[in-house]
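Student: mind looking at a prediction? Sequence and model below.
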Amino acid sequence: MATIRPLTAADKKQAREIWELRFDDSLSFIDWFFAERFAPETSFCAEEDGRIVSIAHGCVMQLRIRGVVLPAMMISGVATLPGFEGQGLMKRVLFELFSECRRRGIPLAFHKPSHFSIYRAVGEFPCDDALFHTRETEPSVPVVWDAVPPAESLLRVYEQATSRYSGCVVRSAGDLAKRAQDLTIDGSRCLVHQTGGVVDGFLFASLEADGSLYCEETLASSALAYMELIARLPKGSVVKLPPDVPISGTIRPWGVVIPVDVSSLLRVFCGDAAALRLRVFDEFLPWNCGVFDGAGNQTSESATSFLSVGRLMQFLCGYLPFRAVFSEQICYCADEY
């Protein structure tokens, strides 16, 4: 029987070996992750006979939801070794991780799933979108890459571009420096847009296996800055953008936000006991089940609405509107890191 436990610093070697086995990330990215993001105190594993066989990494960050900044657990590196799948180990690992979130007063968790269908089984639904635009023409002049701006300049653009979205990670200048390091360590190149000598847009582009460019993070403080940045890219480049940037493309679901503590989230985002009588179903976290009023109190009164916890999170984020209680928002997360 596998034992579920938190990671320790001594587990780094095994954790890294599992990451290398189960994911296609470059060695340079893996080096960066285990130097900058490895947080054993908020990560959990299943161990059998002294061997880690299933693992989920957690890292405490902050999300801005409807203009409110809340602590949130970023989940990554969710993996089970071959031969140990189908035993429910990952559910047990994630349950302990979410229980740790609750103990720490962290009401949210979030991640970018490789396949949404995998997580539907635990009631998770997408809570933000991204727009993917493909360049159809060549630029007027060959692309010339720019030096990465100082972290303070990146932060100013990031705040201007993302503060109006629901679901974005709140970053510091130090976080932006780490993010730029994360991108450039894998060979990504940078383009910068300036107006009057002030940086007001940037993108990072990586070379894909087919020779095209993929721009994982592109942000600007105006539509013009977005357009002029994108116009510098070669034909065939794919650019990930906020869903409301006025350019052609395909909008896809992108990230998941998980309500670890329904009671505290209703208290923050509604706060009016009379506004709701909501029965919430959560097949994974039992403390989220029951009838809640709008202030997050569990009540014995009859419910007027019935929701799964995943659907509720879509309403709380603003991904979908719910009556007059939760208005619709533009939901976007530039990236989880």
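Tutor: In hand now; what should we look at?

Student: next SSE downstream of the longest helix belonging to the chain?
Tutor: Longest helix in the chain by number of residues, with DSSP state H as the criterion: helix 89-103. Along the chain past helix 89-103, the next helix or strand (assigned with DSSP states H and E) turns out to be strand 108-111.

Student: what about residue 101, neighbour count?
Tutor: As a burial measure, residue 101 scores 24 neighbours (other CB atoms under 10 Å). (C-beta placed from N, C-alpha, C; glycine too.)

Student: show me where the stretch 101-250 of the chain has its strands.
Tutor: Counting by DSSP state E, counting those that start in this stretch, one finds strands in the stretch 101-250 of the chain at the ranges 108-111, 126-134, 168-169, 189-195, 198-207, 213-220, 238-241, 250-259.

Student: hmm, back to that, and the longest helix of the chain, which residues are buried?
Tutor: 89, 90, 92, 93, 94, 95, 96, 97, 98, 100, 101 (16 or more other CB atoms under 10 Å).

Student: would you agree the second one is in contact with residue 56?
Tutor: This means residue 90. Yes. Contact between residue 90 and residue 56 holds when scored by CB atoms under 8 Å: they sit 7.1 Å apart.

Student: who touches both of those two?
Tutor: Shared contacts of residue 90 and residue 56 (CB atoms under 8 Å, 6 or more residues apart in numbering): residue 78.

Student: on the three-state scheme, residue 4 is what?
Tutor: strand (DSSP: H, G, I helix; E, B strand; the rest coil).

Student: no, scratch that, I was asking about residue 11
Tutor: helix.

Student: hmm, residue 50 and it touching each other?
Tutor: No. Using CB under 8 Å, residue 11 is not in contact with residue 50; the gap is 11.1 Å.

Student: could I get the buried residue list for stretch 235-250?
Tutor: Buried, per 16+ other CB under 10 Å, within stretch 235-250: 237, 238, 239, 240, 241, 242, 243, 245, 249.

Student: from those, which single one is nearest residue 106?
Tutor: residue 242 (25.7 Å; CB to CB).

Student: if I pick that closest one, what's in contact with it?
Tutor: Residue 242 makes contact with 130, 131, 161, 162, 165, 219, 330, 332, 334, according to CB under 8 Å, 6+ apart.

Student: now do it against residue 162, distance only.
Tutor: 8 Å (CB to CB, to the nearest Å).

Student: next: residue 262.
Tutor: Using CB to CB, residue 262 is found at 26 Å from residue 162.

Student: the more surrounded of residue 11 and residue 50?
Tutor: residue 11 (19 against 7).

Student: who's in contact with the more buried one?
Tutor: Counted by CB under 8 Å, 6+ apart, residue 11 has contacts 40, 45, 52.

Student: what's the closest of those residues to residue 65?
Tutor: Nearest to residue 65 out of the contacts of residue 11 is residue 40 (CB to CB; 27.2 Å).

Student: and the closest one, how far from residue 221?
Tutor: Distance from residue 40 to residue 221, by CB to CB: 38 Å.

Student: and the residue nearest to residue 312 when sequence neighbours are not counted, what are its phi and psi?
Tutor: Nearest non-adjacent residue to residue 312, counting by CB to CB, 6 or more residues apart in numbering: residue 280, 5.9 Å away. Dihedral pair for residue 280: phi -110, psi 130, per degrees, to the nearest 10.

Student: and residue 280, how far from residue 93?
Tutor: With CB to CB as the criterion, residue 280 and residue 93 are 23 Å apart.

Student: please apply the same query to residue 153.
Tutor: Residue 153 is 39 Å from residue 93, by CB to CB.

Student: residues contacting the residue lying closest to residue 258 once chain neighbours are set aside?
Tutor: Closest residue to residue 258 apart from its sequence neighbours, by CB to CB, 6+ apart: residue 109 at 4.2 Å. Residue 109 makes contact with 58, 72, 73, 74, 75, 97, 98, 101, 257, 258, 260 under the criterion CB under 8 Å, 6+ apart.
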